[in-house]
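S.K.: Mind folding the following:
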Amino acid sequence: MTPPIRPARDDDSGPLSALIAASFAEYPGCLFVEDELPELRRPASYFAAKGGELWIVDGPDGRIAGSLGVVPVREQNAVELAKVYVDSTLRGTGLAQALFAKAMDFAEQGGFAEMVLWSDSRFARGHRFYEKLGFTRWPGERYLGDVSESWEYHFRKPLRFGP
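M.R.: Below is the predicted model of the structure:
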């Protein structure tokens, strides 16, 4: 059974940062630098200001077990996924799929025609998950210029909700 999914709060900043830092630590050369992710200082406010939402699943001991956010990209009639992370001990339990269902509900309510995301080129397991959900890796990559020298792949998924 999936734990309850709730809207993020700004005071989720520390536990959310810890979840993301732990995820980054799984990949050589992928460094968590909080200054490169200012949206984590007030995560709920950040997503709300962009017309989006961020959902959280609480784990034991005050940790966050999972997160997933969405932000509308109106000029593309798309919704972009962001901050998709699940604690390594809970992967494969359906938690990420439950969070993704919230994103699909958001997309349907907004009538968006497409879902997009960018993912670090090192996150191969995440890429397989996205492809399982019907995303296709799109041509092109982007370089972030961060301390980890990250390159990201672009993924897209057409939706049946759009015009």
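S.K.: so who does Leu19 touch?
M.R.: Residues in contact with Leu19 (CB atoms under 8 Å, 6 or more residues apart in numbering) are Arg63, Ile64, Ala65, Gly66, Ser67, Tyr85, Asp87. Backbone N, C-alpha and C define where each C-beta goes, glycine included.
S.K.: so is it in a helix, a strand, or just coil?
M.R.: helix (DSSP: H, G, I helix; E, B strand; the rest coil).
S.K.: and it, what pLDDT?
M.R.: pLDDT, Leu19: 97.
S.K.: 286 is where my numbering starts, stick with that
M.R.: Let's use 286 as the start, then, which means that last one is Leu304.
S.K.: hang on, the earlier thing: now the buried members of the contacts of Leu304.
M.R.: Ile349, Ala350, Gly351, Ser352, Tyr370, Asp372 (16 or more other CB atoms under 10 Å).
S.K.: unless I'm mixing things up, the fourth one is touching Leu339, no?
M.R.: Yes - taking CB atoms under 8 Å as the definition, Ser352 is a contact partner of Leu339 at 6.6 Å.
S.K.: Can you work out which residues contact both of those two?
M.R.: Common neighbours of Ser352 and Leu339 (CB under 8 Å, 6+ apart) are Ala293, Lys368.
S.K.: Mind giving me the packing neighbours of the helix or strand where Phe440 lies?
M.R.: Element membership for Phe440, per DSSP states H and E: strand 436-443. Judged by 3 or more CB pairs under 8 Å, 6 or more residues apart in numbering; DSSP states H and E, strand 436-443 is in contact with strand 399-405, helix 409-417, strand 421-428.
S.K.: now the second one: how far from the chain's centre is it?
M.R.: Just to be clear, that refers to helix 409-417. 12 Å (CA atoms, centre = their mean, to the nearest Å).
S.K.: quick one: it to strand 421-428, angle?
M.R.: 140 degrees (axes from the mean of the first three to the mean of the last three CA atoms, to 10 degrees).
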